[in-house]
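Chemist: just need the structure, nothing else, for what follows:
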Amino acid sequence: MANNTMTSAVQIKPAWWRNTRIKIAIQVLLLIVFSAVAAAGKQWAPSMQIPGSSGFFWLGPLILGRMVVKRHGAGTVMGAGMAVWGLVLGFDKPMATNLALYGITGAVLDLVAAIPLINIRNFFGAIICGFAAHMVKFGFVVTSAFAFAGAKHFMIFGLAKSALTHAGIGIALAIMAWALYKAGERVITHRKEI
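Modeler: Sure thing, here's the model as predicted:
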């Protein structure tokens, strides 16, 4: 019986949420907030001397934001938004590079989340999305290092180790984002039951 109560409680939506304009405005606001949190996390992430470790501070909010805003393209918008916030916060790379790097990472979240058997709001779906997004970011950085003039100063040392840390961090971030999403879901469900 409790299961039926929970299911019906989740399906109840407040009257204001049925208004399409309000719903869209809230989702746009969420995209702005999640991209701002991700950009701030990237800018002010402490150096841990571990390849990909800054992902803890910027990729986690993107994954969580994509879980919360259930719209195709939300990841891409947040990634692009992160690049725009980077202008305000003073990212060290040019706007075009940031737009490509974070926009592509967000687009990968969207693409993987759109695969029919993968649900980013489920445990294994989140892991697959986080892994794919962080590995594409890693690939972008490595490709950029080889392609641009600065490549002669870039030494590929421990490429496999770096790839493994990116993979592990992407998976860990996805698990953390999934846990936060589920905790929020429980709080909302509990409040509706009261």
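
Chemist: looking at the chain, which helix is longest?
Modeler: helix 159-193 (DSSP state H).

Chemist: by contact count, what packs against it?
Modeler: helix 2-11, helix 55-68, helix 123-147 (3 or more Cβ pairs under 8 Å, 6 or more residues apart in numbering; DSSP states H and E). C-beta coordinates here come from the backbone N, C-alpha and C atoms, glycine included.

Chemist: pretty sure residue 87 contacts residue 95?
Modeler: Yes - with contact defined as Cβ atoms under 8 Å, residue 87 reaches residue 95; the gap is 6.0 Å.

Chemist: for the helices and strands packed on helix 159-193, which one ends up most surrounded?
Modeler: Comparing the helices and strands packed on helix 159-193 by mean neighbour count (mean count of other Cβ atoms under 10 Å), helix 55-68 comes out on top with a mean of 25.

Chemist: helices and strands around the next helix or strand after it, which ones?
Modeler: Downstream of helix 55-68, the first helix or strand assigned by DSSP states H and E is helix 74-89. Counting contacts by 3+ Cβ pairs under 8 Å, 6+ apart, helix 74-89 is packed against helix 20-43, helix 55-68, helix 95-113.

Chemist: mind giving me JSON lines with these and columns for distance to residue 133 and mean pLDDT?
Modeler: Below are the helices and strands packed on helix 74-89 laid out as JSON lines (distance: least, Cβ to Cβ, whole Å; pLDDT from 0 to 100):
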{"stretch": "helix 20-43", "distance to residue 133": "12", "mean pLDDT": "93"}
{"stretch": "helix 55-68", "distance to residue 133": "6", "mean pLDDT": "92"}
{"stretch": "helix 95-113", "distance to residue 133": "5", "mean pLDDT": "94"}
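
Chemist: just name the most buried of those helices.
Modeler: By mean count of other Cβ under 10 Å, the helices and strands packed on helix 74-89 have helix 55-68 as the most buried, with a mean of 25.

Chemist: out of the helices and strands in this protein, which is least certain?
Modeler: When the helices and strands of the chain are scored by mean pLDDT, DSSP states H and E, helix 2-11 comes last with a mean of 48.

Chemist: wait, which of the helices and strands packed on helix 74-89 is closest to residue 173?
Modeler: helix 55-68 (4.6 Å; Cβ to Cβ).

Chemist: for the residue nearest the centre of the chain, give its distance to residue 160.
Modeler: When Cα atoms, centre = their mean is applied to the chain, the residue found nearest the centroid is residue 62 (2.0 Å). Look at residue 62 and residue 160: by Cβ to Cβ, to the nearest Å, they are 25 Å apart.

Chemist: also residue 50?
Modeler: Residue 50 is 15 Å from residue 160, by Cβ to Cβ.

Chemist: so these two - more neighbours on which side?
Modeler: Higher neighbour count among residue 50 and residue 160: residue 50, with 15 against 7, using other Cβ atoms under 10 Å.

Chemist: OK, contacts around the closest residue to the more buried one other than its chain neighbours?
Modeler: The shortest distance from residue 50 to any residue other than its chain neighbours is 5.9 Å, reached at residue 165 (Cβ to Cβ, 6 or more residues apart in numbering). The contact partners of residue 165, taken as Cβ atoms under 8 Å, 6 or more residues apart in numbering, are 50-53.
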